[in-house]
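>>> I'll drop the sequence and a predicted model, then ask my questions.
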Amino acid sequence: MSAPAHARRWPGSGGGTRPAPAPRVRMGCVHDYLVPIDDEACMRFFTRTLFSARSRRDRVFVMAPAWVARPLWSLVAGDVRRVPLGPCGEPQIEPGPGARHDPSGSVWRGQHDARWLSCAQLVIEGLRADNPTQVPGALRALRWVARCQVETTARRLVLFAFDQGASQPSAVLKVRSGVAGQGPLGREWEALRGLERQPDLRNSVPRPLAFRAAGPLEVLWQTWIPGRSAYTDLHRSLTPGRHVARHFDAAADWLSRFHGATHRPAASFTLADLEVLSDTIRLRTGVTIDGTGWCRELRSLMPASGVPVAAGHGDFWPRNLLLDRSSRSRSGPRDRAAVVDWEESTKAAPVFLDLFTFPLSYGLNYPWRQLRRVPAVRAFQWTFLEDTPVAREVRRYLQRYCQALDLEGALVGRLLPLFLLMRWAANTPTASASPGADATHDQPWQTLYALSVESEPFVFCA
């Protein structure tokens, strides 16, 4: 559902809005799953929803008593391991090879660990004490399916909780470690609370129920949103092309509603902000944008009011866009779109950040050949520069968004090189950055920027 938060903030100008950090553009994630096989509904939810979206590198930990044999489906599911249960039904998971113990004594990094789950259990109990009507009793008493992601600097656990007798989750409990101050889940909590007051976005984002931070752990409880992610459609279909138009229609409609509802009339991305940003880009990448043709055109096209600023999702990629086909009605064939994972959200950001993140990440993750991804440069060409079915839908997506927010298409076209430069600068290692802090640092942003400048992208052609 999400990737680690390593947002970098750009210095702002005195009179303008501070440009938000460029959102990360993501490839597939690696997760571990914990599944109780003695609960039929949880198993069905896992095999139909989560298992269909899992990566080949993912591992599945089957929670079962010692006398239960591996289920037949595990024989073809890849790396499936049985997890014994403790006397109270808690998973007994030992750290595997290469695991490193956290100096705090509460977190194992490298694999799941029962000690970490026990620490999370204490935080969940505290959250339950603060919100007795929202949060169920104890972790071991929940009917749940877990997905855990182990990262360089943090660990994340997502619990899909089921009410008694329910066949689908009713809520999602997210636990994250390795944060200082207000971490990603704190940002998500604040963002979701703000979006609750937007009637246009109701039922298209999770509803926040409770939040608690204790030491290195954050716990967020929110409602579960039904739907199948666009990423799953692409990688679990023999004909992924038939989903493309539906994905981009849903993305354009939702993003225009989101930016329209959270638009900040008193703030904008102006020429003054562009000057500050150009200095940052020059220091980080060595590229001087002043005097380039696209920058001159951008300056001439940018209105005095600047580029609109609104709340930013920060991680608007196919895996976070959910489409619920059950919401279709006779009045229209469109799916209900919802967006999850608000850990990278910002209160104010230029609208072109989310706007370009979706098609770029879509192209990088699209199975172009033999149901597999292609190198980033080729994917970028087929997504933006050449006349392909995906590029035609990207063009419709941009036109649809510009019409909804009354933006000039020529102006949006000149913002693509700036977006790629911001991605390049954000992924350039610095002396203070920890090794492996950004999983996308090896993507050829310099080449993508050069391609966007040297040729007129097909998606912006009239």
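Looks like it arrived, so ask away.

>>> only C-alpha atoms for contact and neighbour calcs from this point on.
Will do.

>>> Can you pull out the low-pLDDT segments for the stretch 301-450 of the chain?
326-334, 429-443 (pLDDT under 70).

>>> residues touching the closest residue in space to Glu456 that isn't next to it in sequence, list them.
The shortest distance from Glu456 to any non-neighbouring residue, by CA to CA, 6 or more residues apart in numbering, is to Leu385 (7.0 Å). Residues near Leu385 by CA atoms under 8 Å, 6 or more residues apart in numbering: 391, 452, 455-459.

>>> Which of those residues sits closest to Val351?
For those, the minimum distance to Val351 (CA to CA) is 18.0 Å, reached by Val459.

>>> And the closest one, how far from Gly363?
Plainly put, Val459 is 13 Å away from Gly363 if you go by CA to CA, to the nearest Å.

>>> go on, Phe269?
27 Å.

>>> who's more crowded, these two?
Neighbour totals were compared for Phe269 and Gly363, and Gly363 leads with 24 against 20 (other CA atoms under 10 Å).

>>> Weed out the non-buried ones from the contacts of Leu385.
Among the contacts of Leu385, the ones that count as buried by 16 or more other CA atoms under 10 Å are 391, 452, 457-459.

>>> Excluding chain neighbours, what is closest to Ser177?
Leu217 (4.5 Å).

>>> Kindly report the same for Arg395.
Val459 (4.4 Å).

>>> Could you give the number of residues near Gly291?
Gly291 has 9 nearby residues by other CA under 10 Å.

>>> cool, and Phe460?
21.

>>> Now do the same contact list for Pro367.
234-235, 240, 373-374 are the contacts of Pro367 under CA under 8 Å, 6+ apart.

>>> Phe248 and Ala410: what is the separation?
In terms of CA to CA, Phe248 sits 20 Å off from Ala410.

>>> who's more crowded, these two?
Phe248 (24 against 15).

>>> do you know how far the more buried one is from Ser452?
The value you get for Phe248 to Ser452, if CA to CA is used, is 21 Å.

>>> same thing with Pro184?
32 Å.

>>> before we move on, what about Tyr366?
Counting by CA to CA, the separation of Tyr366 from Ser452 is 19 Å.

>>> swap in Leu234?
25 Å.

>>> Just give the number of residues close to Leu323.
That count, for Leu323 with other CA under 10 Å as the rule, works out to 25.

>>> Show me what the helix or strand containing it is packed up against.
With secondary structure defined by DSSP states H and E, Leu323 is part of strand 321-324. Applying 3 or more CA pairs under 8 Å, 6 or more residues apart in numbering; DSSP states H and E, one finds that strand 321-324 contacts strand 228-229, helix 230-235, strand 336-339.

>>> right, and the ones you listed - which one's nearest Leu255?
strand 336-339 (9.5 Å).

>>> What pairs with the closest one, parallel or antiparallel?
strand 321-324 (antiparallel) (DSSP bridges).

>>> Please, where are all the helices along the stretch 201-350 of the chain?
230-235, 244-261, 271-285, 293-301 (DSSP state H, counting those that start in this stretch).

>>> can you redo these as a markdown table with distance to Phe356?
Listed next are those as a markdown table, based on distance: least, CA to CA, whole Å:
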| stretch | distance to Phe356 |
| --- | --- |
| helix 230-235 | 16 |
| helix 244-261 | 11 |
| helix 271-285 | 18 |
| helix 293-301 | 16 |
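
>>> Relative to Phe45, how far out is the closest residue to Ala425 other than its chain neighbours?
Closest residue in space to Ala425, ignoring its immediate chain neighbours: Arg284 at 5.4 Å, by CA to CA, 6+ apart. Arg284 sits at a distance of 45 Å from Phe45 (criterion: CA to CA).

>>> before we move on, what about Leu385?
40 Å.
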